[in-house]
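Engineer: I'll drop the sequence and a predicted model, then ask my questions.
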Amino acid sequence: MADEAPRVEFRVDPGRYRHWRVELDGPVATVLMDVAEDGGLRPGYELKLNSYDLGVDIELYDVVQRLRFEHPEVRAVVVTSGKEKVFCAGANIRMLAAAGHGWKVNFCKFTNETRNGIEDATDHSGQTWIAAINGTASGGGYELALAADHLMLVDDRSTTVALPELPLLGVLPGTGGLTRLVDKRHVRRDRADYFATKPEGVGGRRAVEWRLVDEVVPRPQWAAAVPRRARELAERSSRPAAATGIELTPLVKERAAERIQYRWVRAELDHAGRAAAITVTGPDTHPPATVGGIHEQGDRFWTLALTRELDDLILDLRTNEPELGTWVLRTEGDAAAVLAYDAQLLAHRDDWLVNETVHYLKRTLKRLDVTSRSLLAFVEPGSCFAGSLLELALAADRSYHLAGVFEDVDPDAEPAALTVGDMNLGPLPMGNGLTRLQTRFLGDDDALKAVEERRGAALPAEEAERLGLVTFAPDDIDWPDEVRLALEERAAFSPDALTGLEANYRFAGPETLETKIFGRLSAWQNWIFYRPNASGPEGALRRFGTGQRATFDRTRV
């Protein structure tokens, strides 16, 4: 599978699902995985045994999003298989064997982001996910189940859960499986070691004893036990029972070779310079005066509309433009209007739709954090890096704030300013559990306090640089050279080294399940996939299913 294959489209809707069915029954939704064998995103493999590829995951991501926004009445979600005797066989082996390294990395990253979204729905939206494992779950299939809050396993003396990647494929469940096993489910290290080297897996009472699942149910009782458990968990939810959801209408998007255009977001693609210039536009109207007005606008509400567009753009560029290694982040618009929208959201956090919107923005910014691209923020006259949009600059690896104006362009322009708002002080944490400001000033409480004391003030370049909010503040004479050198320098460096560099320093502070997964994935884990022991002509991925044993280089490095 070549990385230059046709573009992947992340926009989808239930009418075009090929692999999932959603059944609604009051407070409980059942999400059935029934993968079409001939429905692979690329030719050359069949999706047998509910194995999946990126196309299957794109649909699942859409399911998760629509349940949160379109169905607030849903309090519990059961994910199960629509096939007999198999829950999910994990990522399709033929697809992985044929895929390029970059494709595998992005595939694993997106898969885990979707699973994080499932966990986020349970933790912050009152939609508890339950994995009803009605057949064998192996590899990524078991990892999908691990994203749920409660795992039920059918007890029929043959169904097991397994992570067989190491013994069968010469790789390991290191893109989320092992981390969730020990950090989330608290499986003992020695048991995790045995489990991950036992290709047939574990079932029955031992699976419960080892915390691999929460309960086992005999097959004759299965049909009654799953909905009963779902109803019990639904009753514990604080999600509003009588709320009406909003429709997530199709995104309007114009895609050309050198430009991607939405309503609030656009990107200019410079393939020669290996960079993408992303501009986010602030709101052009005042926010609705009431929370009812937010509901009336639905997915046209600026923060939600912007977030959907930015989310799609990140996925598009990450998957379809792998050689554009530098992303330049700009904003344009009225900073006061951005802060006004933030204020409305923060004033109504107890409303389900407002809560979903803030958490969606949080997840999209996290997606930016874990993207293996160099991020540079340019703060220029007309910018609106304030509150929620300031997070873009804080997410950047470097930021350049023009001191003054471009005298030759518009000497009467208002100099660019940054504004720290309440949205920067807690609602939008990174994967490490800290805000971007806390991460930026880790170990320097005085610097963080100084920034917080200037909350709400429009900070010109000199003060923003003094407070540590930007990296450099050149004037208009130095600006062209500073910017040019930054872009040319980034384009000249090794992309592999940059990925490792960025993954190491972006998540200072405490290590969490998320930082473990994405740090290892981006920086080193998929090195294993790239090695001959896995992907070489005699490697385990290539020889799986052929009857031939893999030939390993036995050197430990």
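Structural biologist: Great, that's in hand.

Engineer: which parts of the stretch 401-550 of the chain are helices?
Structural biologist: Ranges of helices within the stretch 401-550 of the chain are 436-440, 445-453, 461-467, 479-492, 495-505, 513-520, 527-530, 532-535, 540-543, based on DSSP state H, counting those that start in this stretch.

Engineer: please export the C-alpha coordinates of the fifth one as CSV.
Structural biologist: In CSV, the C-alpha atoms belonging to helix 495-505 read as follows (Å, rounded to 0.1, in the frame of the first residue of the first chain):
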residue,chain,number,x,y,z
PRO,A,495,11.7,14.3,9.5
ASP,A,496,12.4,11.2,11.6
ALA,A,497,14.6,13.1,14.0
LEU,A,498,12.0,15.9,14.2
THR,A,499,9.2,13.5,15.1
GLY,A,500,11.3,12.0,17.9
LEU,A,501,12.3,15.5,19.1
GLU,A,502,8.7,16.8,19.2
ALA,A,503,7.2,13.7,20.8
ASN,A,504,9.8,13.9,23.6
TYR,A,505,9.3,17.6,24.6
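
Engineer: including distance to A224, could the helices of the stretch 401-550 of the chain go into JSON lines?
Structural biologist: Backbone N, C-alpha and C define where each C-beta goes, glycine included. Shown next, in JSON lines, are these (distance: least, CB to CB, whole Å):
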{"stretch": "helix 436-440", "distance to A224": "48"}
{"stretch": "helix 445-453", "distance to A224": "54"}
{"stretch": "helix 461-467", "distance to A224": "61"}
{"stretch": "helix 479-492", "distance to A224": "59"}
{"stretch": "helix 495-505", "distance to A224": "47"}
{"stretch": "helix 513-520", "distance to A224": "33"}
{"stretch": "helix 527-530", "distance to A224": "42"}
{"stretch": "helix 532-535", "distance to A224": "43"}
{"stretch": "helix 540-543", "distance to A224": "41"}
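
Engineer: which of those helices has the lowest average pLDDT?
Structural biologist: Ranked by mean pLDDT, the helices of the stretch 401-550 of the chain end with helix 527-530 at the bottom, a mean of 78.

Engineer: run the angle between the longest helix belonging to the chain and helix 495-505 for me.
Structural biologist: Longest helix in the chain, counting residues (DSSP state H): helix 101-124. With axes from the mean of the first three to the mean of the last three CA atoms, to 10 degrees defining the directions, helix 101-124 sits at 20 degrees from helix 495-505.

Engineer: tell me the helices and strands packed up against helix 101-124.
Structural biologist: The contact analysis (3 or more CB pairs under 8 Å, 6 or more residues apart in numbering; DSSP states H and E) places helix 101-124 against helix 54-70, strand 128-133, helix 140-146, helix 302-320, helix 352-369, helix 513-520, helix 527-530.

Engineer: so what touches the first one?
Structural biologist: If I follow you right, that is helix 54-70. Residues from elsewhere that reach helix 54-70 (CB atoms under 8 Å, 6 or more residues apart in numbering): 8, 10, 12-14, 17-20, 22, 29, 31, 35, 39-41, 47, 74, 77, 107, 110-111, 113-114, 117-118, 121, 125, 127, 245-248, 299, 319, 353, 356, 360.

Engineer: again, 7 Å this time
Structural biologist: Residues outside helix 54-70 that contact it (CB atoms under 7 Å, 6 or more residues apart in numbering) are 8, 10, 12, 14, 17, 19-20, 22, 29, 31, 35, 39-41, 47, 74, 77, 107, 110-111, 114, 117-118, 121, 125, 127, 245-248, 356.

Engineer: before we move on, what about the shortest one?
Structural biologist: Judged by CB under 7 Å, 6+ apart, the contacts made with helix 527-530 from elsewhere in the structure are 101, 104, 171-172, 534-535.

Engineer: chain center to it, what's the gap?
Structural biologist: 22 Å (CA atoms, centre = their mean, to the nearest Å).

Engineer: what are the buried residues along it?
Structural biologist: 528-529 (16 or more other CB atoms under 10 Å).

Engineer: excluding chain neighbours, give the residue nearest to the residue nearest the centre of the chain in space.
Structural biologist: What sits nearest the mean C-alpha location of the chain, by CA atoms, centre = their mean, is E113, with 3.2 Å. In space, and not counting its chain neighbours, E113 is closest to R367: 5.9 Å by CB to CB, 6 or more residues apart in numbering.

Engineer: count of residues packed around the one you found?
Structural biologist: Look at R367: counted by other CB atoms under 10 Å, it has 19 neighbours.

Engineer: so where's the stretch 1-150 of the chain shaky on pLDDT?
Structural biologist: 1-5 (pLDDT under 70).

Engineer: go again with 90.
Structural biologist: Residues of the stretch 1-150 of the chain that meet the criterion pLDDT under 90 lie in 1-6, 96-105.

Engineer: so how far is R484 from E407?
Structural biologist: 18 Å (CB to CB, to the nearest Å).

Engineer: what about the residue nearest to E113, distance to L313?
Structural biologist: Between R367 and L313 the distance is 10 Å, computed by CB to CB.

Engineer: measure stretch 547-554 end to end?
Structural biologist: End-to-end span of stretch 547-554 (CA to CA, to the nearest Å): 21 Å.

Engineer: then stretch 213-220?
Structural biologist: 19 Å.

Engineer: quick one, the longest helix of the chain and helix 513-520 angle?
Structural biologist: Using the same axes, to 10 degrees: helix 101-124 against helix 513-520 is 180 degrees.

Engineer: surely the residue nearest to the centre of the chain touches L365?
Structural biologist: No: counting by CB atoms under 7 Å, E113 does not reach L365; the two are 12.0 Å apart.

Engineer: ok so, going back, got the buried residues for the longest helix of the chain?
Structural biologist: Buried residues in helix 101-124 (16+ other CB under 10 Å): 102-122.

Engineer: distance of R484 relative to S383?
Structural biologist: Separation of R484 from S383 (CB to CB): 19 Å.

Engineer: which of the two has more neighbours?
Structural biologist: Shown here are R484 and S383; by other CB under 10 Å, S383 has more neighbours (27 against 11).

Engineer: on that earlier part again, can I get the CA coordinates of the longest helix of the chain in PDB?
Structural biologist: Presented in PDB, the C-alpha positions along helix 101-124 are these (Å, rounded to 0.1, in the frame of the first residue of the first chain):
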ATOM      1  CA  HIS A 101       5.500   2.700   7.600                       C
ATOM      2  CA  GLY A 102       3.800   6.100   7.600                       C
ATOM      3  CA  TRP A 103       0.500   4.600   6.800                       C
ATOM      4  CA  LYS A 104       0.800   2.200   9.800                       C
ATOM      5  CA  VAL A 105       1.700   5.000  12.200                       C
ATOM      6  CA  ASN A 106      -1.200   7.300  11.200                       C
ATOM      7  CA  PHE A 107      -3.600   4.300  11.200                       C
ATOM      8  CA  CYS A 108      -2.600   3.300  14.700                       C
ATOM      9  CA  LYS A 109      -2.700   7.000  15.900                       C
ATOM     10  CA  PHE A 110      -6.200   7.600  14.500                       C
ATOM     11  CA  THR A 111      -7.400   4.300  16.000                       C
ATOM     12  CA  ASN A 112      -6.200   5.300  19.400                       C
ATOM     13  CA  GLU A 113      -7.600   8.800  19.200                       C
ATOM     14  CA  THR A 114     -11.000   7.200  18.500                       C
ATOM     15  CA  ARG A 115     -10.600   4.900  21.500                       C
ATOM     16  CA  ASN A 116      -9.700   7.900  23.600                       C
ATOM     17  CA  GLY A 117     -12.900   9.500  22.400                       C
ATOM     18  CA  ILE A 118     -14.800   6.500  23.600                       C
ATOM     19  CA  GLU A 119     -13.100   6.800  27.000                       C
ATOM     20  CA  ASP A 120     -13.800  10.500  27.000                       C
ATOM     21  CA  ALA A 121     -17.500   9.900  26.400                       C
ATOM     22  CA  THR A 122     -17.600   7.700  29.400                       C
ATOM     23  CA  ASP A 123     -15.700  10.000  31.600                       C
ATOM     24  CA  HIS A 124     -17.200  13.400  30.600                       C
END
